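> Sharing a model that was predicted from the sequence below.
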Amino acid sequence: MMSAYQKEFEQAKNNPEKFWEEQAKAIEWYKFPKTILQKDENGIDRWYADGQLNTCFLALDYHVINGRAEQTALIYDSPVTGKKQHYSYQQLTDQVARTAGMLADLGVVKGDRVIIYMPMIPEAVMAMLACARLGAIHSVVFGGFAANELAIRLEDAEPKVIMTASCGIEVQKIIPYMPMVNKAIMDSRWKPEKVIVLQREQCPAELNSNPGVEDRDLDWSLQLEKSMAHDCVPVNANDPLYVLYTSGTTGKPKGVVREHGGHAVSMKYSMSTIYNAKPGDVFWAASDVGWVVGHSYIVYAPLIHGCTTVLYEGKPVRTPDPAAFWRVCEEHHVNILFSAPTAFRAIKKEDPEGELIKQYPMPALRTIFMAGERLDPPTLKWVEQKTQRPVVDHWWQTETGWAISGNPLGLEKFPLKPGSSTKPTPGFDVQILDELGDQVPVNTQGIIVIKLPLPPGCLATVWRNHDRFQSGYLTQFPGYYVSGDGGYIDSDGYLFVMGRTDDVINVAGHRLSTGEMEEILSAHDDVAECAVIGAHDELKGQIPFGFVVLKDGHYSVDGNVEKELLQKMRDEIGAVASFRKVVIVNRLPKTRSGKVLRRTIKQVADGEQYVTPSTIDDPTSLTEIENVFNQNRQI
Ligand code: COA
Ligand code: AMP
């Protein structure tokens with residue numbers, strides 16, 4: 001007899017239309033779709049094309065109508081400000097409806113873009129849901145990104161309005177946002193009509209301070225006071241809910257487009273199947289609303305499922321100590337905790353024996369989920385042993401919006417294999433191919449792909465760049481989505497994701513592009529050429545390391561070029577790049593045709609066994625790099 005998982009997996013694979021029609025019944029539609037799956041004019045699979053719904057309605061109003069009005073929808077816990085606030089479903093609905101009214105008063109309508117550049121405060125969640133309520137498309141930009149990153153997104157998304165706050169708070173450091181917003185708007189060819197600024201008492205901002213700007217900036221609270229509640233606007237299932245930019249292989253990030261219908265269905269399905277969450281549970285994704293985990297599992301999925309979600313403005317350590325996670329779990333009766341392995345490594349570093357965990361029994365906590373980077377077995381073991389809770393590794397990407405593989409606790413709990421994110425989620429037909437597109441035998445490493453169609457919720461295209469969607473994901477192996485990750489499947493069907501096969505790196509759970517970093521370094525006047533690799537790091541998983549060759553006749557006096565390059569990266573990407581290591585070298589290892597051997601440099605840096613490529617121009621160049629790296633790894 002087939003197991004519950006096997007049965008569901010096979011159904012989704014063999015008859016995806018029927019399977020996803022059934023799952024669609026779990027949410028309320030204004031118009032239930034007649035067409036479940038069809039190809040669009042570009043040959044892309046689209047879900048629920050003729051359905052109509054509203055994601056904000058599903059996340060809020062639906063629950064108010066159906067008996068959860070008084071249940072807490074959102075808990076805001078902010079050790080950096082000392083604030084804790086609870087919002088019931090009724091209260092959150094009212095606030096979001098007014099925020100939607102505020103946007104509507106500024107002329108925001110269905111299809112308009114709104115950039116949200118905010119710290120982890122309730123208004124960020126309200127802003128996202130308010131956009132969804134109007135059918136406007138939000139694009140959240142992570143608060144750790146600098147003005148240049150914001151400008152790139154402004155130009156691409158062309159928003160009517162930016163919603164921001166006067167500052168973010170990083171442990172004890174105040175990060176004023178308005179200087180970055182002002183600079184981004186000045187540098188961008190696209191100018192938003194309005195900037196709505198939530199003034200925080202820690203650092204109120206001067207509004208309309210850009211030269212030539214008189215009435216662009218508006219005070220959030222004053223605007224809100226004048227606004228009336230706005231109702232949910234029905235949208236088509238294939239209308240975009242949001243565009244979330246993510247790092248690719250080039251300097252320009254990709255705008256992942258997520259559509260209302262498939263997203264809502266996948267969020268609902270994932271809550272029960274993957275997380276085994278029940279409506280009413282307290283769900284805490286310790287991430288940031290600027291990342292996909294924050295979109296899916298701080299905001300949309302827990303609310304659509306009728307859970308209580310926790311919004312935490314703090315760090316796993318230093319706010320104030322490594323007990324922060326356990327304190328929050330205990331105090332708010334968290335049932336399901338989700339974060340990145342790097343967060344637990346930070347806790348482990350400061351409390352290696354887990355002494356602080358013992359002070360918090362956390363009776364409600366059932367399971368700890370991890371994603372964002374590979375869960376290394378020592379971290380897995382430590383968290384399991386110290387918390388005495390099951391730890392589930394699950395693998396996903398901004399592009400998919402939900403887990404491609406995991407341990408589907410709502411169906412069946414599989415025995416754990418350290419290093420594996422267990423089995424493909426029903427709906428994701430994961431296969432491993434070689435460079436020629438042939439399936440590899442079990443236990444053989446290759447390129448991880450997903451056979452089309454992708455299930456509901458995955459990206460429909462890249463914002464205003466459909467060619468990039470096709471060429472980046474679908475062209476290499478026709479009929480498959482290429483994930484960008486490499487790995488293998490073992491004889492029990494367990495998936496092992498071993499790391500990216502492209503220029504994307506993962507620094508403390510933050511997805512960044514070494515290609516973009518190289519473009520920034522290369523733009524420096526003294527730089528002839530460069531290579532940036534993601535070197536292994538005990539805490540952050542990976543850390544960028546730059547090798548730079550200067551132009552003939554250019555010198556670094558007392559390390560001035562290195563300092564300028566480090567500052568340039570901070571100014572252009574942001575502190576979050578954690579770019580602290582750059583060294584000047586005489587040459588880079590290359591093939592005879594002039595291609596920089598980045599993969600081999602990375603192997604050298606990670607102390608891995610490497611085979612000197614037969615095409616290398618001069619094998620001694622690798623030894624040179626190895627020596628330079630070893631001398632500089634501790635800068
Ligand atoms: N706004 C402004 N600056 C930010 C920021 C934000 N939202 N997030 C990070 N930064 C800054 C930090 O202040 C730091 O600046 P500094 O160089 O001036 O000190 C820099 O970016 C690097 O930050 P980070 O990589 O986060 O390092 P950290 O030492 O502050 O914290 C961890 C390390 C592991 C505790 C932290 O990265 C973490 O909690 N990671 C989990 C990430 C996560 O949840 N990812 C989502 C996937 S589930
Ligand atoms: P992001 O788009 O920021 O979610 O980053 C996606 C990338 O993070 C993936 O392509 C993987 O390289 C990596 N990743 C996420 N989760 C896991 C996991 N559980 N195991 C291994 N790698 C992961």
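Cool, got the structure. Ligands and ions are numbered 1, 2, ... in the order given.

> Please report how far the closest residue to Cys203 other than its chain neighbours lies from ligand 1.
Nearest non-adjacent residue to Cys203, counting by CB to CB, 6 or more residues apart in numbering: Cys167, 3.9 Å away. C-betas here are computed from N, CA, C, even on glycine. Shown here: Cys167 relative to ligand 1, a distance of 10 Å by CB to the nearest ligand atom, to the nearest Å.

> Likewise for Asp61?
Where ligand 1 is concerned, Asp61 sits at a distance of 29 Å (CB to the nearest ligand atom).

> what's the burial count for that residue?
21 (other CB atoms under 10 Å).

> Write out the residues of the stretch 251-400 of the chain neighbouring ligand 1.
287-288, 291, 293, 315-317, 339-340, 342-343, 346, 371-372 (CB under 6 Å from any ligand atom).

> Which parts of the stretch 501-635 of the chain are helices?
Here the stretch 501-635 of the chain has its helices, by DSSP state H, counting those that start in this stretch, at 514-522, 560-572, 598-605, 620-632.

> most packed of the ones you listed?
Counting by mean count of other CB atoms under 10 Å, helix 514-522 has the highest mean neighbour count of the helices of the stretch 501-635 of the chain, with a mean of 21.

> what mean pLDDT would you report for it?
The pLDDT scores in helix 514-522 average 95.

> Just the C-alphas of it, formatted as CSV.
Extracted C-alpha coordinates of helix 514-522, given in CSV (Å, rounded to 0.1, in the frame of the first residue of the first chain):
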residue,chain,number,x,y,z
THR,A,514,29.4,37.6,-6.6
GLY,A,515,28.8,38.7,-10.2
GLU,A,516,27.3,41.9,-8.9
MET,A,517,30.2,42.4,-6.5
GLU,A,518,32.7,41.9,-9.3
GLU,A,519,30.9,44.6,-11.3
ILE,A,520,31.2,47.0,-8.4
LEU,A,521,35.0,46.3,-7.9
SER,A,522,35.7,46.5,-11.6
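
> Tell me the one of the residues of the stretch 251-400 of the chain next to ligand 1 nearest ligand 2?
Using CB to the nearest ligand atom, Ala371 comes nearest to ligand 2 of those, at 4.2 Å.

> residues in the stretch 501-635 of the chain within reach of ligand 2, list them.
506, 511.

> How many residues are close by the closest residue to ligand 2 within the stretch 501-635 of the chain?
Relative to ligand 2, the nearest point of the stretch 501-635 of the chain is Arg511 (3.4 Å; CB to the nearest ligand atom). Neighbour count for Arg511, taken as other CB under 10 Å: 20.

> repeat for Leu409
Neighbour number of Leu409 under other CB under 10 Å is 21.

> part of a helix, is it?
No: counting by DSSP: H, G, I helix; E, B strand; the rest coil, Leu409 falls outside a helix, being coil.

> Report the contact partners of it.
By CB atoms under 8 Å, 6 or more residues apart in numbering, the residues touching Leu409 are 274-276, 367, 392.

> Okay, and which of these map to strands?
Members of the contacts of Leu409 lying in strands (criterion: DSSP state E): 367, 392.

> Show me the shaky parts of the stretch 1-150 of the chain.
Counting by pLDDT under 70, the stretch 1-150 of the chain shows no low-confidence range.

> those strands in it, which residues are they?
37-39, 45-47, 52-53, 72-78, 83-88, 113-117, 137-140 (DSSP state E, counting those that start in this stretch).

> From Asp77, how far off is the residue nearest to Cys203?
Cys167 sits at a distance of 19 Å from Asp77 (criterion: CB to CB, to the nearest Å).

> Quick one: the helices of the stretch 501-635 of the chain as a markdown table, columns for distance to Val482 too.
Listed next are these as a markdown table, based on distance: least, CB to CB, whole Å:
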| stretch | distance to Val482 |
| --- | --- |
| helix 514-522 | 17 |
| helix 560-572 | 28 |
| helix 598-605 | 17 |
| helix 620-632 | 29 |
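
> nearest to ligand 1, of the ones you listed?
So among those, helix 560-572 is nearest, using CB to the nearest ligand atom, at 7.6 Å.

> what sits up against the closest one?
Contacts of helix 560-572 (CB under 8 Å, 6+ apart): 146-149, 517, 520-521, 523-524, 526-527, 546, 548, 550, 554-556, 577, 579-580, 582-584.

> ok, now stretch 57-76?
Against stretch 57-76 from outside (CB under 8 Å, 6+ apart): 27-28, 83-93, 96, 121-122, 125, 129, 132-133, 232, 264, 279-280, 282, 299-300, 303-304, 306, 308-311, 313, 332.

> Looking at the stretch 501-635 of the chain, which residue is nearest ligand 1?
Closest point on the stretch 501-635 of the chain to ligand 1, by CB to the nearest ligand atom, is Gly509, at 2.9 Å.

> Roughly how far does the closest residue in space to Asn276 that isn't next to it in sequence sit from Cys329?
Spatial nearest neighbour of Asn276, chain neighbours left out: Leu409 (3.8 Å); criterion: CB to CB, 6+ apart. According to CB to CB, Leu409 stands 18 Å off from Cys329.
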